[in-house]
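Asker: here is a sequence together with a model predicted from it:
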Amino acid sequence: MRILIVEDEIKTADYLHKGLSESGYTVDVVHDGLLARERILEGHFDLFILDVMVPGMDGWQLLQFIRSRWQTPVLFLTARDAVAYRVRGLELGADDYLIKPFSFVELLARVRTLLRRGPPREVHLFRASDLELDVLQRRVVRQGQVIHLTNREFALLHLLISHENEVLSRTHIASQVWNMNFDSDTNVVDVAIRRLRSKIDEPFDMRLIHTVRGMGYCLGSNPVSTMP
């Protein structure tokens with residue numbers, strides 16, 4: 001079992017790393033939320049232990065990022081002990097909330113309980129602004145209007161929305177949607193994006209699919225350095 005700890009207090013992070021490693025877990029530690037986001041994208045974890053107030057990307061934002069893609073168990077470990085904080089954490093999708101200072105024995109018991117819950121469920125409902133995609137029902141809705149897509153268009157939209165606000169290269173898109181590597185001169189991805197835009201974006205006021213010059217495409221409501 002592999003655990004990622006996101007904690008900017010060095011002594012606390014070292015204490016957790018030592019204790020959980022000695023308990024038989026593989027433990028990674030990062031002290032910054034943005035670095036944690038990169039580490040999460042790079043590898044598989046069975047549990048996340050998050051502090052709320054970490055630099056770069058706070059625990060709330062990190063939890064929302066995790067829940068937009070996975071249902072991996074999340075334990076908040078923080079000095080923020082107000083009821084409002086605990087409620088917010090649970091409403092955003094945290095599985096447990098432990099207040100500092102804490103007993104390691106209690107922490108370990110909670111870790112074991114979370115890891116016994118079984119494999120994480122795949123996310124089947126995605127939302128970006130006013131766009132919603134339901135994987136199980138294969139249904140796409142924007143502003144209350146059902147949008148009919150081909151299987152390939154649905155797969156392309158699923159890829160984009162599951163990486164909201166991330167720039168995906170044409171090569172990556174082709175490998176995921178078409179299961180192929182392709183010559184950089186081939187415009188299959190560009191054509192597919194245009195067709196998808198004609199259904200997802202053009203009938204509506206706000207564009208969600210954006211071209212990032214020299215890099216690829218992204219889906220999101222707040223693009224940076226993009227072309228229409």
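Answerer: Nice, thanks for sending it over. Numbers count the residues shown, from 1 in each chain.
Asker: contacting residues around the helix or strand containing V29?
Answerer: Assigned by DSSP states H and E, V29 belongs to strand 26-30. When contacts are defined by C-beta atoms under 8 Å, 6 or more residues apart in numbering, strand 26-30 is touched by residues 1-7, 13-14, 16-17, 20-21, 36, 39, 45. Every residue, glycine included, has its C-beta placed from N, CA and C.
Asker: which helices and strands sit right next to the helix or strand following that strand?
Answerer: The helix or strand immediately downstream of strand 26-30 is helix 33-42, counting by DSSP H and E. Packing partners of helix 33-42 (3 or more C-beta pairs under 8 Å, 6 or more residues apart in numbering; DSSP states H and E): strand 2-6, strand 26-30, helix 59-67.
Asker: report the mean per-residue pLDDT for helix 33-42.
Answerer: Mean pLDDT, computed over helix 33-42, is 90.
Asker: angle of that helix against strand 26-30?
Answerer: 140 degrees (axes from the mean of the first three to the mean of the last three C-alpha atoms, to 10 degrees).
Asker: P101 is nearest to which of the helices and strands packed on helix 33-42?
Answerer: strand 2-6 (16.4 Å; C-beta to C-beta).
Asker: any chance of JSON lines for the helices and strands packed on helix 33-42, columns mean pLDDT?
Answerer: JSON lines is the format used below for the helices and strands packed on helix 33-42 (pLDDT from 0 to 100):
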{"stretch": "strand 2-6", "mean pLDDT": "95"}
{"stretch": "strand 26-30", "mean pLDDT": "95"}
{"stretch": "helix 59-67", "mean pLDDT": "90"}
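Asker: what about F102? Give its phi and psi, please.
Answerer: F102 has phi and psi values of phi -130, psi 160 when expressed as degrees, to the nearest 10.
Asker: picking up where we left off before, what's the closest of the helices and strands packed on helix 33-42 to T113?
Answerer: strand 2-6 (13.6 Å).
Asker: wait, is A13 part of a helix?
Answerer: Yes: counting by DSSP: H, G, I helix; E, B strand; the rest coil, A13 is located in a helix.
Asker: count of neighbours near it?
Answerer: 19 (other C-beta atoms under 10 Å).
Asker: what residues are up against it?
Answerer: I5, E7, V29, H31.
Asker: so what's the backbone phi/psi at the last one?
Answerer: So that's H31. phi -110, psi 10.
Asker: isn't it up against E7?
Answerer: Yes: counting by C-beta atoms under 8 Å, E7 is a contact partner of H31 at 6.7 Å.
Asker: thought L50 was touching L62, still the case?
Answerer: Yes: between L62 and L50 there is a contact under C-beta under 8 Å: 5.9 Å.
Asker: how long is stretch 87-95 from one end to the other?
Answerer: End-to-end distance of stretch 87-95 (C-alpha to C-alpha, to the nearest Å): 11 Å.
Asker: in it, which residues are buried?
Answerer: R88, G89, L92, A94, D95 (16 or more other C-beta atoms under 10 Å).
Asker: list just the nearest of those residues to D201.
Answerer: Closest to D201, out of all of these and judged by C-beta to C-beta, is L92, at 28.6 Å.
Asker: wait, isn't that closest one in contact with R67?
Answerer: Yes: between L92 and R67 there is a contact under C-beta under 8 Å: 7.0 Å.
Asker: about what we covered before: top of the contacts of strand 26-30 by neighbour count?
Answerer: Going by other C-beta under 10 Å, V6 tops the contacts of strand 26-30 with 28 neighbours.
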